[in-house]
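Asks: Got a predicted model here, sequence first, then my questions.
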Amino acid sequence: MGETEAGPADGYEVTDGEGPDAGLTTGGLARRLGVSPTTLRSWDRRYGIGPAVRAEGRHRRWTPRDVEMLETMCRLTSSGVPPAEAARAAREGVRRSTPAAEASVRAEPSVRAEPPVRAEPSAPSGSPTAPARSRAAGGLPLGDVRQECRGLARAAVRLDAPAVEDQLASVVEEHGLIVAWQEVMMPTLHAVGRKWASSGDRYVEVEHLLSWHVSTTLRRHTRARAPQATASAVEPVLLACAPGEQHTLPLEALNAGLGELGLPTRMFGAAVPAEALTAAVQRLGPRAVVLWAQSRSTASLPLARHVAGTRWGVKGARRQPLVLTAGPGWGSRSAPGMPRPTTLRDALDLLRAAYGADGLVGPR
């Protein structure tokens, strides 16, 4: 009970007979940091990141210095730093922050504190340096993935929304949208989905939080077209999920990628009814339609053929859209004249080529 009761307003619980720095219980610190008590005990046992005070009965009491050390540990592991390295850096950081250490540094100007350990940045796609990769993180089945996936997974499992947001923004800025989606966002989302599927109702909250922040990041990196590029001037790419299909994140990534190319889009989102899709095609006259299906039950080849056969314009100059059937739901099902891209890069290349003859996009 002692580790689950709320403490004073500042979060520190002080027991009778102990000093003002008696500190937090393990449960109180776990709630403050957003990690489980088991994780804190594991870090204490494995890496020596333990409390300075132990009350009678071996109950742990975490002082403000302990909390500072654990906050550093959480920040570094969220960035993808291996726990052992993060623990070493956290201990060193707290040691240097003591008055004695500060006095020593002032007395010897040549001595400088080392910066905290950081995750090595991964090399961009196509560079001669291979990206750092990790095989496990946060209890999720990640497999062989980029280093950034580990930190993102740990932050998501902890429900550390600020860390998730910062890491997603950082990976897009450092590596670009395509690498961020294909090599960081997607593998982490798939790992969360697999964990949820194998754990009953657990990890649903992790999937929702991660999905929301991925969507937010993609929308923030979706560039708006110039005002003069109106719908009548350039035929857009129409993006829609098949009827009954709720998975929109891949289309949001494609929408952001097309924005980087300066191509106009119209995003219709999840579960677009067949009648509404047909009406939108007839009204917009799109250059291309991307129809997403995550599962086989939502992939309708007759609907795709119907959309591909939709025509508009004056007699003798009627046009019809290029239809891309995207997503794993289509499987091996395809039809002549309807490409099936398997990656974000494939889809962007196909749509880039569809506009290339008009000179709307330059060479890569």
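Replies: Perfect, I can see it now.
Asks: tell me the mean pLDDT for stretch 304-319?
Replies: Average pLDDT, stretch 304-319: 82.
Asks: ah, wrong one, I meant stretch 25-36
Replies: Here the average pLDDT along stretch 25-36 is 75.
Asks: what's the answer for stretch 146-166, then?
Replies: Averaged across stretch 146-166, the pLDDT comes to 84.
Asks: can you check stretch 264-276 too?
Replies: 94.
Asks: List the buried residues of that stretch.
Replies: 264-268, 271-272 (16 or more other C-beta atoms under 10 Å). Using the backbone N, CA and C atoms, a C-beta is placed for each residue, glycine as well.
Asks: Likewise for stretch 336-353?
Replies: Applying 16+ other C-beta under 10 Å to stretch 336-353 flags 338-341, 344, 347-348, 350-352 as buried.
Asks: Then stretch 273-292?
Replies: 277, 280-281, 284-292.
Asks: List just the nearest of those to Gly329.
Replies: Trp292 (8.1 Å; C-beta to C-beta).
Asks: The closest one bridge partners, please.
Replies: Cys241, Ala326 (DSSP bridges).
Asks: wait, isn't it in contact with His247?
Replies: Yes: using C-beta atoms under 8 Å, Trp292 makes contact with His247 at a distance of 7.1 Å.
Asks: Touching both of these two, which residues are there?
Replies: Shared contacts of Trp292 and His247, defined by C-beta atoms under 8 Å, 6 or more residues apart in numbering, comprise 241, 327.
Asks: what stretches of the stretch 1-150 of the chain score poorly on pLDDT?
Replies: 1-22, 31, 34, 53-59, 78-80, 96-145 (pLDDT under 70).
Asks: any idea how far His190 lies from Glu183?
Replies: 12 Å (C-beta to C-beta, to the nearest Å).
Asks: quick one: buried residues of the lengthiest helix in the chain?
Replies: Longest helix in the chain by number of residues, with DSSP state H as the criterion: helix 204-220. Residues of helix 204-220 classed as buried: 206, 209-211, 213-214, 217-218 (neighbour count, 16+ other C-beta under 10 Å).
Asks: for that helix, packing partners?
Replies: helix 147-157, helix 161-175, helix 186-198, helix 249-260 (3 or more C-beta pairs under 8 Å, 6 or more residues apart in numbering; DSSP states H and E).
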